[in-house]
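1. sequence plus predicted model, see below.
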Amino acid sequence: MPELLPMVFAAPGEALARAEEVLSGRPAPLRASVAHQVIGIWQRDFGDMRLALSHLRRARAWAARAESADREADVLGTLGVALVHAGRTRQGMDALRRGVEIGSGHTRARVLFRLAYSWWVLGHHKEALEDVRRAIPVLRQADDVIWTARALTLRATVHLALGSVDRADSDFAAAEALWETTGQEHDKADAVESRGLAAFRSGDVPVALRLLDEAEERYAKLGTPTFMLSIRRCEVLMAAGLAAEALVEADTALGALDGIGGQSTRRAELLLAAARAARLADEPRTAIVRAERAVRLFAGQRRTWWEAHARLVLIGARHAAGRRSGRLVADAAAVAERLVALGAPAAPEASLLAGRIALDLGWTGDAERHLTAAARSRRGGPPLARMTGWAAQALRAQAAGSPRGVLEACRRGLDVLDDHRMTLGASELRARATAQGAELAALAQKAGMVSGGPRRLLVWSERWRATALSAPPTRPPADPALLSGMTAYREIAARAEEARRDGRPVPALEREQRRLEREIRSRTLHMRGAAPDGGDRFDVGRLLARLGQDVLLVELAVLDGRVQVLLCGRGRVRRFEAGLLAAAETEAEHVQAGLRRLAHPGAQARLPVVEAAGRRLEELLLGPAAAHLGDGPVVIVPPGRLHRVPWALLPSLRERVLNVSPSASSWLRAKETAPPRGGRQVLVRGPGLATGGAEVRELAGRYAGATVLEHEDATVPGVLKELDGAVLAHIAAHGAFRADGPLFSSLRMADGPLIVHDFERLDRSPYRIILSCCDTARFASVGADELLGLVTALLPLGTAGVVACSAPVNDAAVVPLMLALHEGLDRGLTLAEALRDARGAQPRDASHRATGWAFTAFGAA
């Protein structure tokens, strides 16, 4: 019978069935005690806590009838843990102490382990370490591999909570070696999960995500819930800039836990994870509700460590919701003191919060004290902890009126985050991670404008703009599972699209498509980046030299909600103040709506309305700088939030050579990118176009020797093969932008969608690429000032110039525009020059003019 107990974490379902089978007969007291304990453990960890407590109490009663002190002690250990998880802390700890008291030798060591585990759950880490250290030698002496591995795993987890990553790694490695000699599949899955937590604590987000996904797969095979894993995944997702996803994860797990009547302790921890995620996702009111509930539960469970962390989140959420008071400063300071006393690594975060609130109130003396405490963390620890320290140091310098001190702290803090970002291989994670540096970048821009004028403002505007484009993302590995998933995704998406065209319902296909998207994205996020190499720092002198006397670059920065126009060229940088960013965003949406209407016949009357909106946009975005543009070429570098602006609609830009770039650095890289030697031209025609991709047929005659892919030849693998290293590519296909998943934005090919993830597999994307498709120049604005979409996927991979479209357009009007564009390229013009001329050559009716405005030249080729 005792073999049933280890089976609970080797084959949980089988253990439950066998225990129930034992109880269906007339077992002896000892057998009945073990069977009830097995069912109690299963219900405690995987099911209904009320049933767990009922079975464990009966297990204790049968142990007493069997007159076995060790059997009763073992059951008391299990019952004590269950009571703690149920929120009955005093009763649980009493049961555990009683178990230690009546147990002997090996059994007593197992109960000591459970007592240590309960101390860890309650956040009493010193006591947890003391008891687990007492248990480990006895378990080793008894050659108890399973319980020794559990004890080492627990000790490692406690070390992580206290910030001792090296000690944790050592214990995790020793535990994993022991687990490999056993058949404890659930414990092995838990070990993988723990290694994921250790990777996260050491700053390796991709490895953490991979290990947590692996653990989830192992748990799924066992059919066991994964509430602790959800809590840990939430932590990693938040660190990766995926707070909204973390909130969904936490709320979903809460619903599942409530559905089975699960552990009260896990419920509190999930509420805390949800509160943290909501706070980072800019949902402070949601964060307040979740955090208040977590605080109440932790207090009732007597979990002071956890309660202090929940109070920190609650205070931060209230501050984010606009509350400012001396009471809030005092509360944050009290939490900081409590976290210091507990040895919690989050103490500097609480001090930083207290300092922020004090600054808001003008209490400079209090602010200095709290910020000084927080700033000590800048010298060591994980990247995000050092970021906290440098943020505190920057705020100290700002309060002291030292722009130089602000800039130095911001520089050091952003360098730390740069190193962290470059460990991330996926372009999405690199982009989203920049959100953690947004405050430092904003502080530096303000200080730069005060202390160094337009040039320094330009440097700091560039420091944290479109940084994800500064280096190519890690090329996805030749992972058979990833490649198979992407092939299956194309097939399912193509079938779903065909069914929609036929008017057939597609819920099953859409579910499978979403599942495959999650799988592809998950595997992509596992990629690690290359070691940071420092990269090229932006140099204003180099930019001005490249611009020369003819080209002007207009970088738009945003300070305190207002657009600052930095006009670069002819050897200098000038600053002009324009309108409010929020007003410009609203006007840009109105313009987009107008362009959509002009794409349809009979909308001629809307043309003056759209042109008037273009004039208002110019006033908001360029202000007085518009009068200083001269008549030469212009490069516009807008912030991410203005990516929907059709820049060619603005009166002062309408008739000129115009390029748009995510950053000045990106424009410089494009300008200095050389075309491939002997590069070929590639023409692609996707299915289902209203015009049949008419321009492709004509272009095939113009480009002798060009590779033409159409009909059944225009498949994703075939197109990618030809695009790799091409000098010029023209793709006529239906485009689809995915706001909910920008890296699944696509071009429709014969065998399904060609998505951004596919482009990232190219060794070198085409030097020039023309996308004569709707919505190919749409982006998702993420992180601090980053863009995710088709165009931004191409620029770091070797593409120097892209022509793409930001709105739905009239298909028939696209064909002559594209043909005129290629005529310009034949004459040796750049993409921007050819597009300017092509617009001028079109008829003056509404649909042709709107089509010309909707297309933009990106880059510098």
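-> Structure received. Quick caveat, the model's predicted, so the values are computed rather than measured. Numbering: from 1, shown residues only.

2. end to end, how far does stretch 410-430 reach?
-> Stretch 410-430 stretches 19 Å from its first residue to its last (Cα to Cα, to the nearest Å).

3. how far off centre is it?
-> Counting by Cα atoms, centre = their mean, to the nearest Å, stretch 410-430 is centred 13 Å from the centre of its parent chain.

4. cool, and stretch 330-340?
-> Worked out by Cα atoms, centre = their mean, stretch 330-340 lies 30 Å from the chain centre.

5. kindly report the same for stretch 13-25.
-> Offset of stretch 13-25 from its chain centre (Cα atoms, centre = their mean): 44 Å.

6. tell me the contacts of Leu668?
-> Counting by Cβ atoms under 8 Å, 6 or more residues apart in numbering, Leu668 touches Arg542, Leu543, Arg546. Where C-beta positions appear, they are placed from N, C-alpha and C, glycine not excepted.

7. among those, name the ones in helices.
-> The helices, defined by DSSP state H, take in Arg542, Leu543, Arg546 from the contacts of Leu668.

8. pull out the buried members of those residues.
-> With neighbours counted by 16 or more other Cβ atoms under 10 Å, the ones in helices among the contacts of Leu668 contain buried members at Leu543, Arg546.

9. just put the contacts of Leu668 in TSV and tack on distance to Arg378 and pLDDT.
-> Formatted as TSV, the contacts of Leu668 follow (distance: Cβ to Cβ, whole Å; pLDDT from 0 to 100):
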residue	distance to Arg378	pLDDT
Arg542	31	94
Leu543	31	95
Arg546	36	95
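
10. contacting residues around Asp560?
-> By Cβ under 8 Å, 6+ apart, the contact set of Asp560 is Lys446.

11. what packs against the longest helix along the chain?
-> Longest helix in the chain by number of residues, with DSSP H as the criterion: helix 438-463. The contact analysis (3 or more Cβ pairs under 8 Å, 6 or more residues apart in numbering; DSSP states H and E) places helix 438-463 against helix 383-399, helix 403-421, helix 540-547, strand 552-559, strand 562-569, strand 572-580, helix 664-671.

12. tell me which of those sits nearest to Glu462.
-> Ranking those by proximity to Glu462 (Cβ to Cβ) places helix 664-671 first, at 5.6 Å.

13. what about that closest one, average pLDDT?
-> On average, the pLDDT along helix 664-671 is 93.

14. pull the CA atoms of it into CSV?
-> What follows is helix 664-671, C-alpha atoms only, in CSV (Å, rounded to 0.1, in the frame of the first residue of the first chain):
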residue,chain,number,x,y,z
ALA,A,664,16.9,58.6,-38.2
SER,A,665,19.2,55.7,-37.4
SER,A,666,17.1,53.4,-39.6
TRP,A,667,17.3,55.8,-42.5
LEU,A,668,21.1,56.0,-42.1
ARG,A,669,21.3,52.2,-42.2
ALA,A,670,19.1,52.1,-45.3
LYS,A,671,21.1,54.8,-47.0
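
15. okay, the contacts of Leu668 in CSV with distance to Glu517 next?
-> Listed next are the contacts of Leu668 as CSV, based on distance: Cβ to Cβ, whole Å:
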residue, distance to Glu517
Arg542, 41
Leu543, 39
Arg546, 40
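
16. out of those residues, flag the one nearest to Ala277.
-> Nearest member of the contacts of Leu668 to Ala277, counting by Cβ to Cβ, is Leu543, at 39.3 Å.

17. gap between that closest one and Ser202?
-> Counting by Cβ to Cβ, to the nearest Å, the separation of Leu543 from Ser202 is 38 Å.

18. same list, the helices and strands packed on helix 438-463, but as CSV with distance to Thr226 please.
-> Below are those laid out as CSV (distance: least, Cβ to Cβ, whole Å):
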stretch, distance to Thr226
helix 383-399, 25
helix 403-421, 27
helix 540-547, 50
strand 552-559, 42
strand 562-569, 47
strand 572-580, 46
helix 664-671, 41
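
19. for Arg677, which of these is the nearest?
-> Evaluated over the helices and strands packed on helix 438-463, closeness to Arg677 peaks at helix 664-671, with 18.3 Å, by Cβ to Cβ.

20. give me phi/psi at Asp143?
-> When read as degrees, to the nearest 10, the backbone of Asp143 gives phi 60, psi 40.

21. distance of it relative to Arg764?
-> 59 Å.

22. for those two, indicate the residue with more neighbours.
-> Arg764 (16 against 8; other Cβ atoms under 10 Å).

23. let me see the backbone angles for that one.
-> Dihedral angles for Arg764 - degrees, to the nearest 10 - are phi -150, psi 120.

24. gap between it and His848?
-> Noted for Arg764: a distance of 35 Å to His848, by Cβ to Cβ.

25. please apply the same query to Val634.
-> Distance from Val634 to His848, by Cβ to Cβ: 23 Å.

26. neighbours of the residue found closest to Ala281 once you drop the neighbours it is linked to in the chain, how many?
-> Distances taken as Cβ to Cβ, 6 or more residues apart in numbering place Ala243 nearest to Ala281, at 4.0 Å, with adjacent residues excluded. Residues lying near Ala243 (other Cβ under 10 Å) number 22.

27. try the one 10 residues further on
-> By other Cβ under 10 Å, the residues close to Ala253 number 26.

28. what does Leu254 give?
-> For Leu254, using other Cβ under 10 Å, the count is 20.

29. hey, C-alpha coordinates of stretch 555-564 in CSV?
-> Taking C-alpha atoms only, stretch 555-564 is exported to CSV below (Å, rounded to 0.1, in the frame of the first residue of the first chain):
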residue,chain,number,x,y,z
GLU,A,555,12.1,64.0,-36.7
LEU,A,556,9.0,64.4,-34.5
ALA,A,557,9.6,64.1,-30.8
VAL,A,558,6.8,64.3,-28.2
LEU,A,559,7.4,66.1,-24.9
ASP,A,560,4.5,66.5,-22.4
GLY,A,561,2.0,65.6,-25.1
ARG,A,562,3.2,68.2,-27.6
VAL,A,563,4.9,67.6,-30.9
GLN,A,564,8.5,69.0,-31.1
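
30. and it, what's buried?
-> So, applying 16+ other Cβ under 10 Å, buried residues of stretch 555-564: Glu555, Leu556, Ala557, Val558, Leu559, Arg562, Val563, Gln564.
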